[in-house]
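Student: based on what follows, work out the 3D shape:
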Amino acid sequence: MSHVFISYSHDNQDWCFALDGRLRAENFDTFVDESIRPSFELRNILQTALDRAFAIVIICTKSSMESPEVSFEWAYAMGKGIPIIPLIYEPNCNLHPRLQTIKNLDFSEPRQRHWHELINFLREIRDKPLIDQPEGKLLKKCKDNGLVDIDKYRSNHERSAYIQKALNMAAEGSELIVVGRSLIDWSLEYENIGSLIKNKSLHVKLAILDENSLPNKNVMPDDTNNKSWIEMPISSDWAIHDVPTSMKRFRRIHIEPNTGSLQIYGLPFYVSHSFVAYTNKNDNYRYCLEEVGMAFQKDKRPFIEFKSSLADMDSYTSSLERMYKSFMIEERLLLSDNGERKERDTTQRAKIIVPKIEKFG
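Tutor: Coordinates of the predicted model:
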């Protein structure tokens with residue numbers, strides 16, 4: 001789903017974050033580039049984000065008007081015909097001549113900023129395609145069903161940024177659900193996850209391949225270590241090798257009593273998708289992202305993201321989350337920690353299940 005692209009100089013981060021919070025409070029999706037150093041990869045990310053934007057809002061200051069990155073962003077948007085709204089935060093910012101021809105809003109006085117006019121202008125731009133374009137009905141259906149984003153792939157930078165966003169935006173006391181084969185990228189954030197469980201009373205539920213359910217071809221035959229009911233579906237898939245590393249990191253998370261909790265479940269089969277669900281602290285909506293995993297390189301995986309209110313139990317978001325949470329049952333619990341850690345050794349379970357499966361060939 002399209003968003004508002006916020007163009008700014010990193011010298012003006014406070015104004016940018018205040019603007020971002022205000023727009024999100026008005027139910028606008030936004031894109032804010034928080035990268036400090038320009039790079040070729042970043043330029044591609046910005047182009048993709050601009051292509052998805054229905055409007056670009058520029059925080060106009062002396063610093064931003066001298067910024068090559070900001071100049072690139074509004075010039076690219078102008079070339080694509082994306083509506084541009086300059087917000088004048090510093091009257092002496094020396095607005096570029098091409099921007100002087102565009103209607104701007106005076107935001108230089110903190111107590112007299114034209115928020116109402118900006119919000120109405122953005123709504124008018126956003127909602128216009130629903131009336132004027134042939135795709136109007138489809139766009140409305142996407143909006144009604146909470147479509148936030150969809151694309152053919154995300155770069156590794158975008159994936160890492162999304163993980164950071166989900167963790168930082170998760171509402172206090174809420175539930176974070178993550179499902180995937182190895183969760184290797186999430187395991188890199190184990191310290192951050194532990195901190196949020198402590199400081200935000202976050203309840204984290206992870207579903208990952210069970211180490212004791214994976215075939216160990218290096219030691220065949222071995223009745224002790226090689227009992228498995230999960231086989232690697234394709235030989236080129238590497239996730240199966242990352243599971244021990246991920247679990248080693250997740251085990252470093254220790255929960256203090258009367259804070260949040262951590263539960264790790266073993267997946268009953270080799271999942272082909274990854275899934276994330278969290279409650280956004282800004283709008284209190286439930287956000288869910290599903291991404292194709294198996295057989296695709298990390299930067300070539302199609303994904304889709306939805307959101308819905310917590311009360312809407314019939315939404316696509318709620319249905320998708322219920323499906324993935326159905327994997328998370330007591331029988332598959334590998335590790336549980338709410339201040340008192342419990343870890344289950346599932347090796348014996350593998351020894352019991354495998355012979356039964358072998359009978360079926």
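Student: could you pull up the residues touching Val70?
Tutor: Going by Cβ atoms under 8 Å, 6 or more residues apart in numbering, Val70 touches Ser7, Tyr8, Ser9, Ile58, Ser64. No exception for glycine: its C-beta is placed from N, CA and C like everyone else's.
Student: state the distance from it to Glu158.
Tutor: 20 Å (Cβ to Cβ, to the nearest Å).
Student: pretty sure Leu176 contacts His203?
Tutor: Yes: counting by Cβ atoms under 8 Å, His203 is a contact partner of Leu176 at 7.1 Å.
Student: the more surrounded of those two?
Tutor: Neighbour count, other Cβ atoms under 10 Å: between Leu176 and His203, Leu176 has more, with 24 against 18.
Student: which stretches of the stretch 251-361 of the chain form helices?
Tutor: 316-325, 347-358 (DSSP state H, counting those that start in this stretch).
Student: which of the residues in the first one are buried?
Tutor: Right, helix 316-325. Tyr316, Thr317, Ser318, Leu320, Glu321, Tyr324, Lys325 (16 or more other Cβ atoms under 10 Å).
Student: tell me the one among these nearest to Gly293.
Tutor: Among the buried residues of helix 316-325, Tyr324 lies closest to Gly293 (Cβ to Cβ), at 13.1 Å.
Student: please name the residues that touch that closest one.
Tutor: Ile177, Val179, Ala207, Phe275, Ala277.
Student: check contacts around the fourth one.
Tutor: Neighbouring residues of Phe275 by Cβ under 8 Å, 6+ apart: Ile177, Val178, Val179, Gly180, Cys288, Leu289, Glu290, Glu291, Leu320, Tyr324.
Student: please apply the same query to the third one.
Tutor: Listed by Cβ under 8 Å, 6+ apart, the contact set of Ala207 reads Val178, Val179, Gly180, Ile264, Tyr265, Gly266, Leu267, Tyr324, Phe327, Met328, Arg332.
Student: next step: the contacts of Tyr324 restricted to strands.
Tutor: Counting by DSSP state E, the members of the contacts of Tyr324 that fall within strands are Ile177, Val179, Ala207, Phe275, Ala277.
Student: looking at those, which is nearest Gln297?
Tutor: Phe275 (19.0 Å).
Student: domain parsing for this protein?
Tutor: 3-144, 150-358 (automatic domain parsing).
Student: can I get those in TSV including mean pLDDT?
Tutor: Below are the domains of the chain laid out as TSV (pLDDT from 0 to 100):
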stretch	mean pLDDT
domain 3-144	85
domain 150-358	82
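Student: what's the longest helix anywhere in the chain packed up against?
Tutor: Looking across the chain with DSSP state H, the single longest helix is helix 115-132. Packing partners of helix 115-132 (3 or more Cβ pairs under 8 Å, 6 or more residues apart in numbering; DSSP states H and E): helix 13-25, strand 53-60, strand 84-88, helix 136-144.
Student: which stretch among these comes nearest Glu189?
Tutor: helix 13-25 (21.4 Å).
Student: list the buried ones in the closest one?
Tutor: Trp15, Cys16, Leu19, Asp20, Leu23, Arg24.
Student: quick one, what contacts the second one?
Tutor: Applying Cβ under 8 Å, 6+ apart to Cys16 gives the contacts Ile6, Tyr8, Val32, Ile59.
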